[in-house]
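A.B. asks: could you work out the structure for the sequence below:
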Amino acid sequence: MPNMTEHESYHIVKLLNAADSGGGKTGALASLVDAGLKIRVLDFDNGLSVLKGYVKDKSKLANVDFVSLKDDMNLLAGRVGIKKAYAFQQAMDALDGGEKGKALWGSDLGPVTTWGQDCVLVLDSLSMAGRASLNMVMQLNGAGHKQPEIQHYGTAMDNIEKLIAILTSPAVGCHVIINTHLTGIEGTPKLYPEALGSKLSPKIARYFDTMVTLSVTPGSQVRQFKTDKDGLFACKTSTKMAATYPIDTGLADIFKAVTGKTALV
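C.D. replies: Below is the predicted model of the structure:
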């Protein structure tokens, strides 16, 4: 039977990064690129272009692979609706590998379960992945131009929770970063990771050993990663860390703290 030193949390980072829109979540990945890690992004937010401006060693941008994921919308009888919802399914195909995955990534990266500790899967963002899941469910039920109903939300939230469970399980041996926004829930004073609806958000924390925020420190214009507590949002870490890290090196610093490595590759 393995002992605690062999637990995956000693070697692999499974991190939830919560911040407001435009808070620097994507640009902060630059420190991991410069550290030499292979970054593979499921880009639901269509905001990856900002990353290239922050990477110091431009030659390492070749280690960043991405799949752009966006549903087609249209107008029908004056109502905006879903023309074709394929973003969520494409994300699943990209993770599964095979011919569909190869076509999406532009090369054969194999299934996510074969990626090693030199790779970081980034889901950007959980908020938009939830919307993509809902779009897919509504289209499959012929409700692409209607208002979502309770059963649509239920199925879509189940899709998202299962995805999180897979990515944070030992079956996925690469590092994982899930970016998300923050949301409030009526009747509670806390902030939670935004997923889809109000029932799933409070469950998200149970899947992660490390949850941080990226926000502006009060009284300054400096954005920092916070690992202890950020206002109404409760952070947590899998090991002892500094309370804050600078945005330009923060993710690499957090990875080093979790893995105990001074060099990430």
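
A.B. asks: and the helix or strand of the chain with the lowest mean pLDDT, how far from the chain's centre?
C.D. replies: Least confident helix or strand of the chain, by mean pLDDT, DSSP states H and E, is strand 229-230 with a mean of 78. Distance of strand 229-230 from its chain centroid, counting by C-alpha atoms, centre = their mean, to the nearest Å, is 19 Å.

A.B. asks: repeat for stretch 182-192
C.D. replies: The answer for stretch 182-192 is 20 Å, by C-alpha atoms, centre = their mean.

A.B. asks: end to end, how far does that stretch reach?
C.D. replies: 6 Å (C-alpha to C-alpha, to the nearest Å).

A.B. asks: check stretch 241-251 too.
C.D. replies: End-to-end distance of stretch 241-251 (C-alpha to C-alpha): 12 Å.

A.B. asks: rounded mean pLDDT for it, please.
C.D. replies: For stretch 241-251, the mean pLDDT works out to 96.

A.B. asks: looking at the protein, which helix is longest?
C.D. replies: Longest helix in the chain, counting residues (DSSP state H): helix 150-167.

A.B. asks: show the subsequent helix or strand relative to that one.
C.D. replies: strand 175-180 (DSSP states H and E).

A.B. asks: direction included, what does that next one pair against?
C.D. replies: Applying DSSP bridges to the sheet, strand 175-180 is found paired with strand 14-18 (parallel), strand 119-124 (parallel).

A.B. asks: any idea how far it is from the middle of the chain?
C.D. replies: In terms of C-alpha atoms, centre = their mean, the centre of strand 175-180 is set 3 Å apart from its chain centre.

A.B. asks: right, and the helix or strand after the least confident helix or strand of the chain?
C.D. replies: Following strand 229-230 in sequence order, the next helix or strand is strand 233-234 (DSSP H and E).

A.B. asks: buried residues in the next helix-or-strand element following that next one?
C.D. replies: Reading on from strand 233-234 to the C-terminus, the next helix or strand found by DSSP H and E is strand 244-246. Neighbour counts over strand 244-246 (16 or more other C-beta atoms under 10 Å) mark 244-245 as buried. C-betas here are computed from N, CA, C, even on glycine.

A.B. asks: having no further points to raise, I will conclude here.
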